[in-house]
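**Student:** Next one to model:
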Amino acid sequence: MNQTQQAITTLISQVEASVIGQSDVVRALVIGLLTQGHVLLEGLPGTAKTRSVKSLADNLQTSFGRIQFTPDLLPSDVTGTEVYQELNGKPQLHFQAGPIFNSIVLADEINRAPAKVQAALLEAMAERTITVGDKTHVLPELFMVLATQNPVEQEGTYPLPEAQMDRFIMKISVDYPDDDAELEIIRLVRREETDSKLTAEPDTDKNNANTNTNTNIQLDPSIVMQARAELALVEISEISERYIVALVMATRKPERYLASSLSRWIEVGASPRASIALDKCARAYAWLQARDYVEPDDIRAMAHAVLGHRITLSYDALADGVTQQQVIDELLDYVVIG
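**Tutor:** Okay, the predicted model is just below:
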């Protein structure tokens, strides 16, 4: 394991220390960071979705912006807008940047805003630019949208359109923690409350004793750029490439696998973005394992996060209560390697 891999592994460990019982979520966020992708986190309230994103941002030496999506939010609240001002007695329009111009952007509860606001993110996520009026503004080189959403069954939610879902390199389902993790969460919050009170203590000696309670080291963005460069050198065999293609094509032509239920469950398959995303994420997963080559298990490990949100279920699947994750399970069972 080289120095860059060690630095990224340390980043993962530091975030996991703040987010108990969500190691898969933390790893997915870091993979999204390394692959220049955007990640969608879905889960019920209280499952540390927002905390995960904020913890990642806290451990990076970069700017962080949060957008709380609400039904009355306007697109200009996300992108920014041109404001009128006078300079030397001459009227002019000046662009005031919105929160999207940060490096790490948290789009909190993204499905609680209507489609026109959700669409304000499309150009930023796809092109890393924002067009306001007749001017196009370039976003930071290190730019990532981390969105959270509540399950669509909840009241007051607006389902994300397929075109926007496809822009997310991964969608991660965040579950409730188990018994042991729940206990550790209680203790973690209690420790944080104690540390915050001790830090605010006016006594000088106590202040000196607690000024270094946070031993986390923020990661320089140059390390992320170096990691991205190393990802490009990770090799993938033609057999693994064809396995990626076979998985994606099985979502488009499920009738090839008559023994499975895929043709009955899938209405619309994954786009070519799925193939690109699966290739990138598999290479990132292999790199985090300190390997410079991709194994089929790396592809299988990322298949649920990359493919699940890119397929549209049929009426039969919805009627039978079949989930997208179950469809990917079936996919992995029937599509063979090589």
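**Student:** what's the span of stretch 107-127 from first residue to last?
**Tutor:** One end of stretch 107-127 to the other measures 17 Å (C-alpha to C-alpha, to the nearest Å).
**Student:** Which positions within it qualify as buried?
**Tutor:** In terms of neighbour count (16 or more other C-beta atoms under 10 Å), stretch 107-127 has its buried residues at 107-113, 117-118, 120-121, 123-125. Bear in mind the C-beta positions are built from the backbone N, C-alpha and C, glycine included.
**Student:** cool, and stretch 143-160?
**Tutor:** 143-150, 157-158, 160.
**Student:** For this structure, spot the helix or strand the model is least confident about on average.
**Tutor:** Lowest on mean pLDDT, DSSP states H and E among the helices and strands of the chain sits helix 204-210, with a mean of 41.
**Student:** Could you report the pLDDT at the residue in the chain sticking out farthest from the centre?
**Tutor:** Taking C-alpha atoms, centre = their mean, the residue of the chain most remote from its mean C-alpha position is residue 89, at 46.2 Å. With respect to pLDDT, residue 89 scores 74.
**Student:** Just read off the phi/psi values of it.
**Tutor:** The phi/psi pair for residue 89 (degrees, to the nearest 10) reads phi 80, psi 0.
**Student:** returning to that earlier point: which one in the buried residues of stretch 143-160 is the model shakiest on?
**Tutor:** Lowest confidence among the buried residues of stretch 143-160: residue 157, with 74.
**Student:** what ranges do the helices span in the stretch 151-300 of the chain?
**Tutor:** 162-165, 179-199, 204-210, 221-231, 238-252, 262-265, 272-288, 296-307 (DSSP state H, counting those that start in this stretch).
**Student:** Rounded mean pLDDT for the fourth one, please.
**Tutor:** Spelled out, that is helix 221-231. Here the average pLDDT along helix 221-231 is 94.
**Student:** same deal with the first one?
**Tutor:** Model confidence over helix 162-165, given as mean pLDDT, is 84.
**Student:** Nearest to residue 63, out of the helices of the stretch 151-300 of the chain?
**Tutor:** helix 221-231 (10.0 Å; C-beta to C-beta).
**Student:** Need the buried residues of stretch 143-160 in CSV (columns: secondary structure and distance to residue 317).
**Tutor:** Below are these laid out as CSV (DSSP: H, G, I helix; E, B strand; the rest coil; distance: C-beta to C-beta, whole Å):
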residue, secondary structure, distance to residue 317
143, coil, 35
144, strand, 32
145, strand, 29
146, strand, 29
147, strand, 25
148, strand, 25
149, strand, 21
150, coil, 22
157, coil, 20
158, coil, 22
160, coil, 19
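**Student:** what's the farthest-apart pair in these?
**Tutor:** So, those by C-beta to C-beta: farthest apart are 143 and 157, at 26.0 Å.
**Student:** Might you list the low-confidence residue ranges for this structure?
**Tutor:** Across the chain, the ranges flagged by pLDDT under 70 are 152-156, 199-216, 338.
**Student:** Pick out the residue nearest the middle of it.
**Tutor:** The centroid of the chain falls nearest to residue 39 when counting by C-alpha atoms, centre = their mean (1.8 Å).
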